[in-house]
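Chemist: below are the sequence and a predicted model for it; my questions follow.
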Amino acid sequence: GFAELARLAEQELRLLEELSGHRDTAGALSASSVLDTRRGKLVMDEIRRVVTAISEAEITASDQRTHEVRAAGQRTKQTLLLLLSAVIAVVVGATLVMVAHLIGRRRAELELADTLTRHRAILASARDAIITVDETGRITTANPAATRMFGWSAQELDGAPVAILFAQQDAEGTRTDEAPEDAAALLARLSASAADSEAATEFSARRKDGSTLPVDVAIGRMRASDGSGLVAILHDISERKRAETLKNDFVSTVSHELRTPLTSIAGSLGLLDGGAAGALPAPAKRLVGIAHQNSRRLVRLVNDILDIQKMQSAAMDFAREPVAMDEIAALAIDQNAGFAAEHGVHLALEACGGDVRVAGDQDRLIQVLTNLISNAVKFSPPEGTVRLRVERLGAKVRISVEDRGSGIPEAFRSSIFTRFAQADTSDTRQRGGTGLGLAIVKEIVTRHQGDVSFETEDGRGTTFHVDLPAADTLAGDLPPHALHRDTH
């Protein structure tokens, strides 16, 4: 390379210096002889060879660099093409996504518009008032039926507190006056009703002119973009209430009119059956016995109807005195011993000890146990046993009435506490009963702030449970002497 060329050049310079020296000392002829020597020619040839090699190496390096530059340019071109393709793909993809989004958005807007149109049509044509309420208790929407029901315009209702639509009510739901209900209390009641989405709650509504009307209110929760709220459907039950009042008045009147003659008939038939008018022939005695039995059933039916009408109309007062449920159960067994003996059924009481006093009406609680015992006796097999169990369960006193009968049919269980409910089988009908006994039990227990439930198994029997608040948990609601139990 260049080092070799430098060495040869240095050698050539020394040769020239030598030639110059000879020329100065020996003359031109001698210098010429030195120049013609083979050594000088060889050096020059070597220099030419090295220069040629360097030139060829430079040409090769130049060609290689040119090739590398071209290759780099090609790679850059390919990279740019790939980037351009990617950019084009991204732009096309984004365009397609945007177009699809716009199409979807437009479709969603059309569907939303259709939905809103349908909902507005439903709201406009609904016969029940429908309102929505925000979380602060203010009305956000009201349909035309709401404006007709309450006498307010849609503009007046928009943003108004929902409390203006309801009258004040006491703890039992009875209207106390015609002033609007407290907003916070009402919102709490509505929210509580929303927790039971399958049930409608009865409220006393208030019109713009101050008049009131009974309504069933179904409450549901909703969640909007600006927060949560409630949607309420209010159904005017004024006509139903009037019909119920007419029906109750009719039933009450008829029952009162029937009770006096039926009592006389039952008493007279009882005297005849007992031989007060002399001995009767066997066929006549059998017929009188049948008539006496059915007249007593009619008297029980009339009495049950009157009782349940009084309880549901709040016309029946309940005492609130501490009574021991083990003693009540013993009294109920004594009063129903004869009835059980007629059916060949035994009655047994199991008292578990402890404080089993409740605050209630002794006569009505005996009526509850009598109805449960009579049902259990009627459905028990001969020589069977109906067991009563009284026990303390925390803050409750539980009274259980267990039989070993056929159990309650599946289809009848959901309606067992409704009025005139009876399992529709010929065997059940033959056992008698008014179909009001369990409805009366439910009403009395509810009025005592208790619960009634049952467990049943086909072919294995049924157990009814009555749970009542223990008297010592209601100490603040009882007179000072009430919790002192008489041990004499």
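Modeler: Yep, that arrived.

Chemist: chain center to stretch 354-364, what's the gap?
Modeler: Stretch 354-364 sits 36 Å away from the centroid of its parent chain (C-alpha atoms, centre = their mean, to the nearest Å).

Chemist: which residues does it contact?
Modeler: Stretch 354-364 has contacts (C-beta atoms under 8 Å, 6 or more residues apart in numbering) with 318-326, 328, 365, 390-392, 397, 444, 447-448, 468-472, 474, 477-478, 482-483, 485. Quick note: C-beta positions are derived from backbone N, CA and C, even for glycine.

Chemist: what's the ChimeraX syntax to select whichever of those residues are buried?
Modeler: In ChimeraX syntax, the buried subset of the contacts of stretch 354-364 is picked out as below (16 or more other C-beta atoms under 10 Å):
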select :320,322,323,324,325,326,328,365,390,391,392,397,444,447,448,468,469,470,471,472,474,482
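
Chemist: so which of the contacts of stretch 354-364 are in helices?
Modeler: If you go by DSSP state H, the contacts of stretch 354-364 have 325-326, 328, 365, 444, 447 in helices.

Chemist: out of those, what pair is the most spread apart?
Modeler: Largest separation among these by C-beta to C-beta: Asp326 and Arg447, giving 21.5 Å.

Chemist: count of residues packed around Gly270?
Modeler: When neighbours are counted by other C-beta atoms under 10 Å, Gly270 registers 16.

Chemist: next: the one 3 residues further on.
Modeler: Residues within reach of Asp273, counting by other C-beta under 10 Å, total 19.

Chemist: average model confidence for the host helix or strand of Ser374?
Modeler: Ser374 is part of helix 362-378 when elements are defined by DSSP states H and E. Mean pLDDT, helix 362-378: 91.

Chemist: what residues of that helix count as buried?
Modeler: 364-378.

Chemist: ok, of these, which one's closest to Gly405?
Modeler: Ala376 (7.3 Å).

Chemist: now the nearest residue to that closest one once chain neighbours are set aside: how far from Met149?
Modeler: Distances taken as C-beta to C-beta, 6 or more residues apart in numbering put Asp403 closest to Ala376, at 3.8 Å, once the chain neighbours are dropped. To Met149, Asp403 is 50 Å away according to C-beta to C-beta, to the nearest Å.

Chemist: who's more crowded, the two?
Modeler: More crowded of Asp403 and Met149, by other C-beta under 10 Å: Asp403, with 26 against 21.

Chemist: contacts only, for that one.
Modeler: Shown in contact with Asp403 (C-beta under 8 Å, 6+ apart): 375-377, 379-380, 384, 386, 461-463.

Chemist: go again with 7 Å.
Modeler: 376, 379-380, 384, 386, 461-462 (C-beta atoms under 7 Å, 6 or more residues apart in numbering).

Chemist: same thing with Glu391?
Modeler: So Glu391 contacts 352, 398 (C-beta under 7 Å, 6+ apart).

Chemist: again, only this time at 10 Å
Modeler: 325-326, 350-354, 356, 397-400 (C-beta atoms under 10 Å, 6 or more residues apart in numbering).

Chemist: now do it against Arg419, distance only.
Modeler: 30 Å.

Chemist: same thing with Val358?
Modeler: From Val358 over to Arg419 (counting by C-beta to C-beta), the distance is 25 Å.

Chemist: ok, Ala319 next?
Modeler: 25 Å.

Chemist: please apply the same query to Ala9.
Modeler: 133 Å.

Chemist: which one of these two has more residues nearby?
Modeler: Per other C-beta under 10 Å, whichever of Ala9 and Arg419 has more neighbours is Arg419, with 17 against 13.

Chemist: tally up the residues packed near Val215, please.
Modeler: 23.

Chemist: mind listing what's buried along the host helix or strand of it?
Modeler: Using DSSP H and E, the element containing Val215 is strand 212-224. Within strand 212-224, the residues that count as buried by 16+ other C-beta under 10 Å are 212-219.

Chemist: what's the answer for stretch 273-281, then?
Modeler: In stretch 273-281, counting by 16+ other C-beta under 10 Å, buried: Asp273.

Chemist: let's test this: mean pLDDT of the helix or strand hosting Arg75, rounded?
Modeler: Using DSSP H and E, Arg75 falls within helix 38-125. In this model, helix 38-125 has a mean pLDDT of 84.

Chemist: now do it: distance to the chain's middle.
Modeler: The answer for helix 38-125 is 58 Å, by C-alpha atoms, centre = their mean.

Chemist: just checking, what packs against it?
Modeler: Contact here means 3 or more C-beta pairs under 10 Å, 6 or more residues apart in numbering; DSSP states H and E; on that basis helix 38-125 packs against helix 2-26, helix 144-150.

Chemist: change it to 6 Å
Modeler: Here helix 38-125 touches helix 2-26, going by 3 or more C-beta pairs under 6 Å, 6 or more residues apart in numbering; DSSP states H and E.

Chemist: tell me the mean pLDDT over the helix it packs on?
Modeler: Helix 2-26 shows a mean pLDDT of 67.

Chemist: which stretches of the stretch 251-400 of the chain have low pLDDT?
Modeler: 255, 312-316 (pLDDT under 70).

Chemist: could you confirm Arg404 falls within a helix?
Modeler: No. Counting by DSSP: H, G, I helix; E, B strand; the rest coil, Arg404 is located in no helix; its state is coil.

Chemist: count of neighbours near it?
Modeler: 19.

Chemist: these two touch, right, it and Gly461?
Modeler: Yes. Judged on C-beta atoms under 6 Å, Arg404 makes contact with Gly461 at a distance of 4.1 Å.
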